[in-house]
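**Student:** Sharing a model prediction with you, sequence too.
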Amino acid sequence: MAMSAKNVDRHNRFRNITVGFRVSPEENEQINKAVALSGLSKQEYCYRRCLERDIVVQGNPRVYKALKNQLSEILTELIRIENAGEISDEFLENINLVSVTLNGLKAE
């Protein structure tokens, strides 16, 4: 039986163990945004982060769409903040993540 590439690690070892954990709705949203900006699957993104491996973003239409969506959300939030004057930690982290991703893509 042939193993698909998604079911083996970089050393061709079969991945047969499931790891799960609970997060808050806000943490889930942050994780989903980071995954979308990475261009990786959620599984790949999570275990690279857990194992402290680099996340190298390859520019592609999916990543550019995620960046566009995040920048649109940032603009909406900045307009709201201008009127209300409050900034959440999650919002600042999102801005930083988009900034790091855009700066990394400029090098391509």
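**Tutor:** Everything's here; your move. Everything numeric here is computed off the predicted structure, so don't read it as measured data.
**Student:** Give me the helices and strands touching the longest helix belonging to the chain, please.
**Tutor:** Longest helix of the chain, by residue count under DSSP state H: helix 61-84. Judged by 3 or more CB pairs under 8 Å, 6 or more residues apart in numbering; DSSP states H and E, the packing partners of helix 61-84 are helix 25-38, helix 89-106. Just so you know, the C-beta spots here come from the backbone N, C-alpha and C atoms, and that holds for glycine as well.
**Student:** Give me the contacts around it.
**Tutor:** 33, 36-39, 57, 87, 91, 94-95, 97-98, 101-102, 105 (CB atoms under 8 Å, 6 or more residues apart in numbering).
**Student:** And the furthest pair within those?
**Tutor:** Greatest spatial distance among the contacts of helix 61-84 (CB to CB): G39 and I87, at 27.4 Å.
**Student:** Among these two, which residue is more densely surrounded?
**Tutor:** Using other CB atoms under 10 Å, the more surrounded residue of G39 and I87 is G39, with 20 against 12.
**Student:** correct me, but the more buried one touches R48?
**Tutor:** No - between G39 and R48 there is no contact under CB atoms under 8 Å: 11.9 Å.
**Student:** does R48 sit in a helix, a strand or a coil?
**Tutor:** Secondary structure, DSSP: H, G, I helix; E, B strand; the rest coil: R48 is helix.
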